[in-house]
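**Q** coordinates only, sequence not included:
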């Protein structure tokens, strides 16, 4: 994978606001000033474990009662938020791994992706297990990347894109049950609005990185 693919979904806010950050960080890695492989923190390992428990419950491999006490409460909130979206004959994706719309050589993982046909609607849910930083759903670039990538790679590849007009509702939601200020406020948008957001607010900045035409901020002269 080429160096410019350090433009990951999780760091989208960084590299869209400062396209120079990607080559600069890679330069520091090559000079040995930043480790090439980051060491997972206790917090990230905890989050990974929470995702694993949530996935197992959503896949019906275990019941919520089998989740360890330390994780059961938050995972239960996440699972309910996901399962409440399901309608008869819904398509669902659990830990769905898809090519990224702006860089198909890369991959992203969508925690929960649902397509309902009656009524026609699309839902994306992402589990955020951290307590420290509140993650807002609206105009969240990481979540937008996940949602649009999933729509393109699941809906379009299934040959059913015509069933979903541009005004098809899309709800995108970061589920963060351990944060004291988290409330149930998804980003409610449409396929057309999401497409426009991704094409204008994400794709051009990645293209600049690939072309080497980088800036320290989008407003730099």
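**A** Sure thing, it's come through. Worth saying up front: this structure is predicted, and the values here are computed from it rather than measured.

**Q** Just give the closest residue to residue 128, not the sequence neighbours.
**A** residue 176 (4.1 Å; C-beta to C-beta, 6 or more residues apart in numbering). (Glycine included, C-beta is placed from N, CA and C.)

**Q** My guess is that neighbour contacts residue 130. True?
**A** Yes: shown here, residue 176 and residue 130 form a contact pair, counting by C-beta atoms under 8 Å, at 7.2 Å.

**Q** residues of the longest helix anywhere in the chain that come out buried?
**A** In the chain, with assignment by DSSP state H, the single longest helix is helix 42-58. Buried residues in helix 42-58, counted by 16 or more other C-beta atoms under 10 Å: 46-47, 50-51, 53-58.

**Q** Next: stretch 100-112.
**A** Within stretch 100-112, the residues that count as buried by 16+ other C-beta under 10 Å are 100-103, 106, 108, 110-112.

**Q** and if you look at stretch 17-26?
**A** In stretch 17-26, counting by 16+ other C-beta under 10 Å, buried: 18-19, 21-22, 25.

**Q** what's the answer for stretch 199-206, then?
**A** Quick answer for stretch 199-206 (16+ other C-beta under 10 Å): 202-203, 205-206.

**Q** again with stretch 137-144
**A** Neighbour-count burial for stretch 137-144 flags 137, 140-144 (criterion: 16+ other C-beta under 10 Å).

**Q** Mind picking the one among those residues that's closest to residue 188?
**A** residue 137 (9.2 Å; C-beta to C-beta).

**Q** give the contact list for the closest residue to the closest one other than its chain neighbours.
**A** Excluding its sequence neighbours, the residue lying closest to residue 137 (C-beta to C-beta, 6+ apart) is residue 187, at 4.3 Å. Residue 187 sits next to 137-140, 143, 171-173 when contact means C-beta atoms under 8 Å, 6 or more residues apart in numbering.

**Q** same for the longest strand along the chain, what does it pack against?
**A** Looking across the chain with DSSP state E, the single longest strand is strand 103-117. Applying 3 or more C-beta pairs under 8 Å, 6 or more residues apart in numbering; DSSP states H and E, we find strand 103-117 packed against helix 42-58, strand 91-100, strand 120-127, helix 141-150.

**Q** Pairing partners for that strand, with directions?
**A** strand 91-100 (antiparallel), strand 120-127 (antiparallel) (DSSP bridges).

**Q** Having no further points to raise, I will conclude here.
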